[in-house]
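Undergrad: coordinates only, sequence not included:
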């Protein structure tokens, strides 16, 4: 059973930074296409950033692409989301997702097989 565990969430003032981590049990992140999603209260879950399985290509949503970075070390079991210049609208529960079938970048949440429990990020203005 694959488990994803997120950490690094918390409260920060607008303009600040946080780094989220997602650790995968059992195998290195080179074996998964991975992504970060977020869900704010009363809103649908939305795509944030994704990274491909073996060649680490990345893609982020327009709303975050100049501020957030997704990265990983393929020899390790953790993928990261570096979040800079945080805004109040970034407040949400952030979820890590993984899939061990696809090789490309996955933007569609329904295509991910495994999910973490989420970590809260709160940005105060």
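TA: Thanks, I have it. Here the structure is a predicted model, which is why all the values come from computation and not from measurement. Numbers count the residues shown, from 1 in each chain.

Undergrad: Spit out the contact partners of the most centrally placed residue in the chain.
TA: With distances taken as C-alpha atoms, centre = their mean, residue 36 lies nearest the centre of the chain, 2.4 Å away. Residues near residue 36 by C-beta atoms under 8 Å, 6 or more residues apart in numbering: 20, 22, 48, 49, 50, 70, 81, 94, 95, 96, 97. Quick note: C-beta positions are derived from backbone N, CA and C, even for glycine.

Undergrad: what sits opposite the nearest residue to residue 112 once chain neighbours are set aside in the beta ladder?
TA: Once flanking residues are discounted, residue 112 sits nearest to residue 97: 3.7 Å by C-beta to C-beta, 6 or more residues apart in numbering. Taking DSSP bridges as the rule, residue 97 bridges to residue 35, residue 115.

Undergrad: got the contact list for residue 97?
TA: If you count contacts by C-beta under 8 Å, 6+ apart, then residue 97 has 4, 34, 35, 36, 37, 106, 109, 112, 114, 115, 116 around it.

Undergrad: Relative to residue 19, how far out is it?
TA: For residue 97, the distance to residue 19 (C-beta to C-beta, to the nearest Å) stands at 18 Å.

Undergrad: now for the contacts of residue 97, which pair is the farthest apart?
TA: 106 and 116 (15.2 Å; C-beta to C-beta).

Undergrad: what about the strands in this protein?
TA: In the chain, the strands defined using DSSP state E lie at 4-7, 10-13, 18-24, 33-39, 46-51, 58-60, 68-72, 78-83, 92-99, 114-115, 119-124.

Undergrad: Give me the residues contacting the third one.
TA: The one in question is strand 18-24. So strand 18-24 is in contact with 2-10, 12, 32, 34, 36, 77-83, 86, 94, 96, 98, 116, 119, 121, going by C-beta under 8 Å, 6+ apart.
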